[in-house]
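Student: have a look at this fold, sequence not included:
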C-alpha cells in the first residue's frame, strides 16, 4: 500500500505538494509500514476553504477504510456545524473544511485500513486569521475632553497586527462608537493612544480592536468606567419661546439641555428679560436641570406686551453663555366684546348654519384668534353644551350631527390665548324633520336603444318625516368606481349608458330634511340583445330573447 502525495487546495484550487511520499509494496496477505518523517505543515487564510487529500495506491481487491483524527480525537462528520465534508473517489479519503475558522488549526491525521494492514499520515494545519482581542485596557489619565489609554496586544494569529481602533460607550450613546485619537492612525506597534473630543462630566468605557491583513478581530473587554472632569457649560437651551398665561404674566419656555451636555453637577438656567425699548435686564435663576418653564408675574406688565428674552446656563464650575435674544409677548386679556348679529338656520335634519358679525381684527391688547360656537338642545343644560371652534376672522360655521325635529340654543364667543370673551345673545333654531326612512321599492328597468329606463314606486314620508321633493339615482360601472348622480322629481328616469358594461344602481329619496334611505343595489349586466326587461322585486329567468335576471346585493349605499 503506497500513500500518494498529500495535497491541500486554496479556494481557487491551487495545488500544493507537501513533498512527502512513502512507498510500500502491498500484497493480499501482508503489508509493511514505512517510517514517516516529521509532519508537513500547511497554512490557510481564515474564512476560506481547504481540501486535505488522503489518497493511496493499492491492490484493487482490497477494501479501504479511511478514518480522520483532529488533534488525536476521532473526527465525527456532521457534528461540527457542517464545516467538515468527505470528498474524493474510491481510493481517496479527502476531506474539505469549509469557511475555515481559527479553531480548526491543529494536527489532522488520515488513517487507512485494509483487512491485512493499516497506514496513517498527518499534517499540521495553520490558520491565519484576524488578531485576537487586546487585553489589559487601562485609562491612564483623563481630563474634561481627553483620555489616555494603554493596552496589551492579543495573539496575532500568524499575521502581524497593522493597526488598532478605539471605540467608546456612554450611558447616552447608541452602543459603541468610533472616537478620534492622537495619533489619528494607531499603528500595530503602538500600545498607547489619547482619545480626544470627549464630553465633560460623562462616564466613558473604552475598548480596543486590532486589525491585520486578514481583517479586524474581536474587541477587547471594556475598560473600567471613567468620568471626564467637569467644566462650565457651553450649550444653551434650544427653542426658547413662550407667551400665554394669565393676566400680568410673562411665560418663558425652552427645551432642557441634555445631561451629557451639562458639563458638570449643579446645572441650572439664568433667564434675562426686559420690556421692548428698555436698556436694563432683569434676571432670574432656575436651579433645576430638568426645568423647561419660567413665569414672571408683575402687576405692571401690560397685556400682550413684547419682551426681549435670552436664556443662559451655569453649573458648579461656572457660568456659561446666553443664547440668542428672542421676542416673547406677555399674557393677553380675553376679548372684551361679544359677536353681534348672530343668526342660525337649519340646513337639514342634521345640519345647522350659524352666522355672526366679526369683531375688529387687529393686533390690539385684546386680539381675536377665532370664535367658539356653543350649542345645546332644549332637553340639555347649557353647561353641557357642545363646542365648535373656528380660526381667524371666519364669520360662519356649520354644525353637523344634530338631531332632526329638535330645538337647539346657540351662542358665539370670541377667543384668544387668554380665554373666551363674553357670549353673544342666545338664538334658537329647530332642525328640519328627518328625511324619509322608507327606501324606494318595486324598482323596474328595461333597455331600449342604448338607454336604461328605470321606474319605481313613490316613497311616502311618515308624519314625523319631511316630504319627498325628489330622488337621486346613483350609478357606476363597478364596486370600486365613483358613482355618478342624476336627480329627478319624478319616479322614473332614462339613463343613456353603453349597454356593453355592467352597472350598479341605487335610488335615494330626498327632501328638505336631507337624503333618505337608499334602495337595494341593482346590478344590471351588459345587454346582449337589443332590448331587455327586468324587475327589482322579481328575478326573471334568462331567455335567449331579451329577459335579463337582476342580481341584488345586500348593501345600503354605493
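Tutor: Here it is on my side, so go on. Note that the coordinates shown come from a computational prediction; the quantities given were computed from them, not determined experimentally.

Student: which residues touch the closest residue to residue 225 other than its chain neighbours?
Tutor: Distances taken as CB to CB, 6 or more residues apart in numbering place residue 203 nearest to residue 225, at 4.9 Å, with adjacent residues excluded. Using the backbone N, CA and C atoms, a C-beta is placed for each residue, glycine as well. Applying CB atoms under 8 Å, 6 or more residues apart in numbering, we find residue 203 in contact with 170, 171, 225, 226, 227.

Student: for residue 330, same thing?
Tutor: Neighbours of residue 330 in contact, by CB under 8 Å, 6+ apart: 243, 245, 248, 249, 250, 301, 302, 303, 304, 305, 307.

Student: who's in contact with stretch 175-184?
Tutor: Against stretch 175-184 from outside (CB under 8 Å, 6+ apart): 165-169, 190, 193-198, 206-207, 219.

Student: make a ChimeraX selection of whichever of the residues you listed turn out to be buried.
Tutor: To isolate the buried members of the contacts of stretch 175-184 in ChimeraX, using 16 or more other CB atoms under 10 Å:
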select :165,166,167,168,169,193,194,195,198,206,207,219
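
Student: closest to residue 258 out of the contacts of stretch 175-184?
Tutor: Nearest to residue 258 among the contacts of stretch 175-184: residue 198, at 15.3 Å, using CB to CB.

Student: and the residue nearest to residue 225, how far from residue 223?
Tutor: 11 Å (CB to CB, to the nearest Å).

Student: what of residue 395?
Tutor: 70 Å.

Student: between the two, who's got more neighbours?
Tutor: For residue 395 versus residue 223, the count of surrounding residues by other CB atoms under 10 Å is larger for residue 223: 21 against 15.

Student: state the pLDDT value of the more buried one.
Tutor: For residue 223, the pLDDT comes out at 98.

Student: for it, what are its contacts?
Tutor: 137, 138, 139, 149, 205, 206, 207.

Student: can you tell me how far it sits from residue 170?
Tutor: Distance of residue 223 to residue 170, given as CB to CB: 13 Å.

Student: state the pair within the contacts of residue 203 that is farthest apart.
Tutor: Farthest pair in these, by CB to CB: 171 and 226, 13.0 Å.

Student: compare these two (neighbour count), which wins?
Tutor: residue 226 (18 against 11).

Student: does the more buried one really touch residue 147, like I thought?
Tutor: Yes - between residue 226 and residue 147 there is a contact at 6.5 Å, judged by CB atoms under 8 Å.

Student: shared neighbours of those two, anything?
Tutor: 139, 204, 206.

Student: the last one sits in which helix or strand?
Tutor: It refers to residue 206. strand 203-211 (DSSP states H and E).

Student: right, and the helix or strand after that strand?
Tutor: Using DSSP H and E, the helix or strand that follows strand 203-211 in sequence is strand 226-227.

Student: domain parsing for the protein?
Tutor: 2-128, 135-227, 238-329, 340-430, 444-553 (automatic domain parsing).

Student: quick one, which of those domains gets closest to residue 437.
Tutor: Comparing these by CB to CB, domain 444-553 comes nearest, at 5.7 Å.

Student: can you give me the mean pLDDT across that closest one?
Tutor: Computed over domain 444-553, the average pLDDT equals 70.

Student: residue 421 reaches residue 411, doesn't it?
Tutor: No - under the criterion of CB under 8 Å, residue 421 makes no contact with residue 411, lying 11.4 Å away.

Student: ok, the residue nearest the centre of the chain to residue 524 distance?
Tutor: What sits nearest the mean C-alpha location of the chain, by CA atoms, centre = their mean, is residue 174, with 17.1 Å. Distance of residue 174 to residue 524, given as CB to CB: 62 Å.

Student: now the strands: where do they sit in the stretch 451-558 of the chain?
Tutor: Here the stretch 451-558 of the chain has its strands, by DSSP state E, counting those that start in this stretch, at 451-455, 470-476, 484-488, 492-496, 503-511, 514-515, 521-524, 531-535, 551-553.

Student: how far does the fourth one sit from its chain's centre?
Tutor: Right, the one you point to is strand 492-496. Mean-position distance between strand 492-496 and its chain equals 52 Å (CA atoms, centre = their mean, to the nearest Å).

Student: what strands flank it, and is each parallel or antiparallel?
Tutor: Strand 492-496 has the following strand partners under DSSP bridges: strand 451-455 (antiparallel).

Student: go ahead and confirm residue 188 touches residue 162.
Tutor: Yes - the criterion here is CB under 8 Å, and residue 188 meets it with residue 162 at 4.6 Å.

Student: what do these two both touch?
Tutor: Common neighbours of residue 188 and residue 162 (CB under 8 Å, 6+ apart) are 211, 212.

Student: so the residue nearest to the centre of the chain sits in a strand?
Tutor: No - per DSSP: H, G, I helix; E, B strand; the rest coil, residue 174 lies outside any strand segment and is coil.

Student: residue contacts, it?
Tutor: By CB under 8 Å, 6+ apart, the contact set of residue 174 is empty.

Student: can you tell me how far it is from residue 262?
Tutor: According to CB to CB, residue 174 stands 20 Å off from residue 262.

Student: one more: residue 437?
Tutor: 68 Å.
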